[in-house]
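A.B. asks: just coords:
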């Protein structure tokens, strides 16, 4: 069996392993959004940095701009609490057309499913 490199650079044999960020990008692109990753990796400190300390993915269409935190389903509650505690959150929510979402991914019978929580 040949080894392959997936979208996030993890080498697996046979099947690829996708991160929550890659799953979210694929989902919203399939819905017609233009998407991009809004986090970066600092090689010096070996840490990831998110836009506004929570945004992993930005998705836009002709009606709205989505600021998305991606995670596993079991971590959605902690992510929602974190986002609600940030100073940028109330400012972003005042802007018409901007929605803040927490998308939690989990596998059900070998298929990826997600739950979406909107921050209001």
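C.D. replies: Yep, it's here. Quick caveat: nothing in here was measured; it's all calculated off a predicted structure.
A.B. asks: could you verify that residue 77 is part of a strand?
C.D. replies: No - using DSSP: H, G, I helix; E, B strand; the rest coil, the assignment for residue 77 is helix, not a strand.
A.B. asks: that one: neighbour count?
C.D. replies: 13 (other CB atoms under 10 Å). Every C-beta, even on glycine, is put in place using the N, C-alpha and C of the backbone.
A.B. asks: which parts of this protein are helices?
C.D. replies: 20-30, 76-85, 88-93 (DSSP state H).
A.B. asks: the shortest one packs against which elements?
C.D. replies: When contacts are defined as 3 or more CB pairs under 8 Å, 6 or more residues apart in numbering; DSSP states H and E, helix 88-93 sits against strand 98-108.
A.B. asks: what about the strand it packs on, distance to the chain center?
C.D. replies: 7 Å (CA atoms, centre = their mean, to the nearest Å).
A.B. asks: next: stretch 97-108.
C.D. replies: 7 Å.
A.B. asks: stretch 109-120 now?
C.D. replies: On CA atoms, centre = their mean, the centre of stretch 109-120 falls 11 Å from that of its chain.
A.B. asks: by mean pLDDT, flag the weakest helix or strand of this protein.
C.D. replies: The weakest-scoring helix or strand in the chain, judged by mean pLDDT, DSSP states H and E, is strand 3-5 (a mean of 34).
A.B. asks: can you list the weak-confidence ranges in this structure?
C.D. replies: Along the chain, segments meeting pLDDT under 70 span 1-16.
A.B. asks: tell me, what residue is most central in it?
C.D. replies: residue 70 (2.8 Å; CA atoms, centre = their mean).
A.B. asks: ok, the nearest residue to that one once chain neighbours are set aside to residue 46 distance?
C.D. replies: Nearest residue to residue 70 in three dimensions, chain neighbours excluded: residue 20, at 4.0 Å (CB to CB, 6 or more residues apart in numbering). Look at residue 20 and residue 46: by CB to CB, to the nearest Å, they are 20 Å apart.
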